[in-house]
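Sequence and predicted structure, then a few things I'm wondering about:
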Amino acid sequence: MTAPITAAMLYDLVGCPHRVTMDLFAEPAQRDEPNAFVELLWERGSLYEREVIAGLKTPFTDLSPFAAEEKERLTLEAMGRGDALIYGGRIQADGLLGDPDLLRKEGAGYIAGDIKSGAGEEGPEDDSKPKIRYAVQLGLYTDILERKGLSGARRAFVWDIHGDEVSYDFQEPYGKRDQRTLWDDYQEALAEAEAIVAGRQQTLPAYGAVCKLCHWYSACVKSLKEAGDLTMIPELGRSRRDTMYGAVRSVAQFAAADPATFLAGKKTVFPGIGPDTLQKFHDRAKLLTADDARPFLRSPIHLPDFERELFFDIEVDPMRDVCYLHGFVDRRGRVNGSEQFVFAFVDDIAPESERQAFARALDLIRERQPCAIYYYSKYERTIYRKLQQKYPDVCSAQDIEDLFDPAHAIDLYNDVVKKATEWPTWDFSIKTLAKYLGFSWRDTHPSGAASIEWFHRWVATGDPAIRQRVLDYNEDDCRATRVLRDALDDLTVIPRGAA
Ligand code: SF4
């Protein structure tokens, strides 16, 4: 008997199809220990769901205490009676199995909904879009309702962390020029899941950001290394790997090949991969396989020349939507012995505490200006713009733009590393590059996700040792940014194709 297709399976598949394969067919002994941050996400999700349900003013049928066949039978009975709202039901049809949080009477049938402890959509506020990972789950419920003749409409909803109901309309095209719909996305994910479950489709691991929180991380990294998989080339990714796989199987094979053999006129033989991009990945393949590989510059870089430098990093809890720590390593005269770690930490999770920490962080910067400010990714600027909108009494929007003026504030990731450097590493995260440069974090399991989990524990317990762990991790992140900044001075320029 094949496994049923579930909403969780489709959710995982959108992030990585190989995860579905591993969950179904890999040896359980190969799984890593549960990740504390992933467990926290589950806990927060369940807690939020319970809070929402406890606060419901409208009557509903509660099937959450029941399980398996009994839950399914009671769900069908409740829909047969025409109950207005059903919580914690179960539906299935044709090998599809769904546990929608909510089923709501709509017209002659039902539509499904989920309660999510995150935003119901993603992207910028003025152009936010449904989340595909949510859409495929809701699509599965809707499909089951249709197959059972119980659907009220090809539509579903999310009750999100902001208390909003976000509609997921499966019929509406993405845009005038893009006639694709969420239903198409769902159908595609379903077809792929069915092929994997039936053993008709084999999948390969692909190294990516999603791997870091996955319980198959160790097993997949081992496979990737053994195969010399192309996704170990930074930014190449799963879809380009799949496009190239018929002609090139490994990093070593790619590095040894002449990239000209993959050219066809002004294009390459790989759809969607241009000659410049192919050359860039070829250089990276050579760098990854060379015995004496060293990082280098693609083009000259110019960093601001200030006597004082701030290496800046923030910590944000997306579940509580709070920026809880602003950390700075302050260095004078390029002398590492002069370094001082200064920070603004919230006292608790109340908005007033976040406001005060934000104001204090701005003071810490102002007191040190003029100075160069180094940070890693657009995240700091994005969060500061958001904090300014949340607390307009603290500073103006122009103050934030002035703070991040590229004349003195440098996003080392986007403006330097991505644009002008190459490294013999699998990715360009600050952790990877600083570790490559010999820097080590004091914590044995440093990560932004771990910091959030520690923050939650500090909020729950008030334990000063946990607070110190959060601070040490942030300080080390700031120092890692300084290590990277200094290493850039030693890199030499090698143009594309000459590596
Ligand atoms: S570790 Fe990465 S490649 Fe492996 S299953 Fe998880 S997400 Fe997929």
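Structure received.

pretty sure residue 48 contacts residue 161?
Yes - the criterion here is CB atoms under 8 Å, and residue 48 meets it with residue 161 at 6.7 Å. (C-beta placed from N, C-alpha, C; glycine too.)

Now for these two: what residues contact both?
116-117 (CB atoms under 8 Å, 6 or more residues apart in numbering).

how about the residues of the chain near the ligand?
By the rule CB under 6 Å from any ligand atom, the part of the chain lying against the ligand is 16, 18-19, 22, 205-206, 210-211, 214, 216-217, 220.

ok, now with 8 Å
15-19, 21-22, 205-208, 210-211, 214-217, 219-221, 224 (CB under 8 Å from any ligand atom).

Now which of the residues you listed would you call buried?
Buried residues within these, counting neighbours by 16 or more other CB atoms under 10 Å: 15-19, 21-22, 205-208, 211, 214-217, 219-221, 224.

Which of those fall within helices?
Members of these lying in helices (criterion: DSSP state H): 15, 17-19, 21-22, 217, 219-221, 224.

Let me have these in CSV, extended by distance to residue 468.
Listed next are these as CSV, based on distance: CB to CB, whole Å:
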residue, distance to residue 468
15, 34
17, 41
18, 38
19, 35
21, 41
22, 37
217, 27
219, 34
220, 34
221, 31
224, 36
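
the bottom helix or strand of this structure by mean pLDDT?
strand 121-122 (a mean of 86; mean pLDDT, DSSP states H and E).

what mean pLDDT does the longest helix anywhere in the chain have?
Across the chain, the longest stretch assigned as helix under DSSP H is helix 464-488. Regarding helix 464-488, the rounded mean pLDDT is 97.

and what of stretch 131-141?
Averaging pLDDT along stretch 131-141 yields 97.

Next, report how far that stretch is displaced from the centre of its chain.
17 Å (CA atoms, centre = their mean, to the nearest Å).

Over to stretch 153-163?
21 Å.

Show me the strands in the stretch 251-400 of the chain, by range?
Assigned by DSSP state E, counting those that start in this stretch, the stretch 251-400 of the chain shows strands spanning 263-264, 267-268, 296-297, 308-317, 322-332, 335-345, 372-375.

Make JSON lines out of those strands and add mean neighbour count.
Shown next, in JSON lines, are these (neighbours: other CB atoms under 10 Å):
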{"stretch": "strand 263-264", "mean neighbour count": "12"}
{"stretch": "strand 267-268", "mean neighbour count": "17"}
{"stretch": "strand 296-297", "mean neighbour count": "18"}
{"stretch": "strand 308-317", "mean neighbour count": "23"}
{"stretch": "strand 322-332", "mean neighbour count": "23"}
{"stretch": "strand 335-345", "mean neighbour count": "14"}
{"stretch": "strand 372-375", "mean neighbour count": "23"}
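
Figure out which of those is closest to residue 427.
strand 296-297 (17.1 Å; CB to CB).

so what secondary structure elements neighbour that closest one?
strand 421-422 (3 or more CB pairs under 8 Å, 6 or more residues apart in numbering; DSSP states H and E).

What is the next helix or strand after the strand it packs on packed up against?
Moving toward the C-terminus from strand 421-422, the next helix or strand (DSSP states H and E) is helix 430-436. Applying 3+ CB pairs under 8 Å, 6+ apart, one finds that helix 430-436 contacts helix 464-488.

what residue ranges in the stretch 351-499 of the chain are flagged as low confidence?
Residues of the stretch 351-499 of the chain that meet the criterion pLDDT under 70 lie in 496-499.

Excluding sequence neighbours, find me the nearest residue to the closest residue to the ligand within it.
Distances between the stretch 351-499 of the chain and the ligand by CB to the nearest ligand atom are smallest at residue 426, namely 12.0 Å. Among residues not flanking residue 426 along the chain, residue 232 sits closest, at 4.9 Å (CB to CB, 6 or more residues apart in numbering).

how many neighbours does the one you found have?
The number of residues packed around residue 232, counting by other CB atoms under 10 Å, is 22.

Ok, residue 93 next?
Residue 93: 15 neighbours (other CB under 10 Å).

Make residue 1 into 30 and carry on from there
I'll keep to 30 as the first residue from here, and by that count the last item is residue 122.

ok, it - contacts?
Taking CB under 8 Å, 6+ apart, one finds 172-173, 176-177 in contact with residue 122.

Check residue 189 too.
Residue 189 touches 145, 147-149, 195, counting by CB under 8 Å, 6+ apart.

how about these in a markdown table, adding pLDDT?
Listed next are the contacts of residue 189 as a markdown table, based on pLDDT from 0 to 100:
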| residue | pLDDT |
| --- | --- |
| 145 | 94 |
| 147 | 85 |
| 148 | 85 |
| 149 | 87 |
| 195 | 96 |
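
hmm, which of those residues are the buried ones?
Buried members of the contacts of residue 189, scored by 16+ other CB under 10 Å, are 145, 147-149, 195.

can I get those in a markdown table with secondary structure and distance to residue 202?
A markdown table is the format used below for the buried ones among the contacts of residue 189 (DSSP: H, G, I helix; E, B strand; the rest coil; distance: CB to CB, whole Å):
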| residue | secondary structure | distance to residue 202 |
| --- | --- | --- |
| 145 | coil | 24 |
| 147 | coil | 25 |
| 148 | coil | 23 |
| 149 | coil | 20 |
| 195 | strand | 18 |
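
Now the residue in the stretch 30-179 of the chain positioned nearest to the ligand. Nearest residue, chain neighbours left out?
Residue of the stretch 30-179 of the chain nearest the ligand, by CB to the nearest ligand atom: residue 45 (3.3 Å). The shortest distance from residue 45 to any non-neighbouring residue, by CB to CB, 6+ apart, is to residue 239 (5.4 Å).

Is there a neighbour count for the residue of the stretch 280-429 of the chain found nearest the ligand? I'd like the number.
Nearest to the ligand in the stretch 280-429 of the chain, going by CB to the nearest ligand atom, is residue 280, at a distance of 16.2 Å. Neighbours of residue 280 under the rule other CB under 10 Å: 24.

That one against residue 262, yeah?
Yes - with contact defined as CB under 8 Å, residue 280 counts as touching residue 262 (6.2 Å).

okay, and the common contacts of those two?
314, 317.

what's in contact with the helix or strand hosting residue 447?
If you go by DSSP H and E, residue 447 is part of helix 447-449. Where contact means CB under 8 Å, 6+ apart, the residues beyond helix 447-449 that reach it are 326-330, 457.

Can you show me the strands along the stretch 130-279 of the chain?
Using DSSP E, counting those that start in this stretch, strands in the stretch 130-279 of the chain cover 131-135, 138-144, 150-151, 158-159, 180-188, 194-198.

Output those as JSON lines; include the columns distance to residue 61.
Below are the strands of the stretch 130-279 of the chain laid out as JSON lines (distance: least, CB to CB, whole Å):
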{"stretch": "strand 131-135", "distance to residue 61": "33"}
{"stretch": "strand 138-144", "distance to residue 61": "27"}
{"stretch": "strand 150-151", "distance to residue 61": "27"}
{"stretch": "strand 158-159", "distance to residue 61": "31"}
{"stretch": "strand 180-188", "distance to residue 61": "30"}
{"stretch": "strand 194-198", "distance to residue 61": "33"}
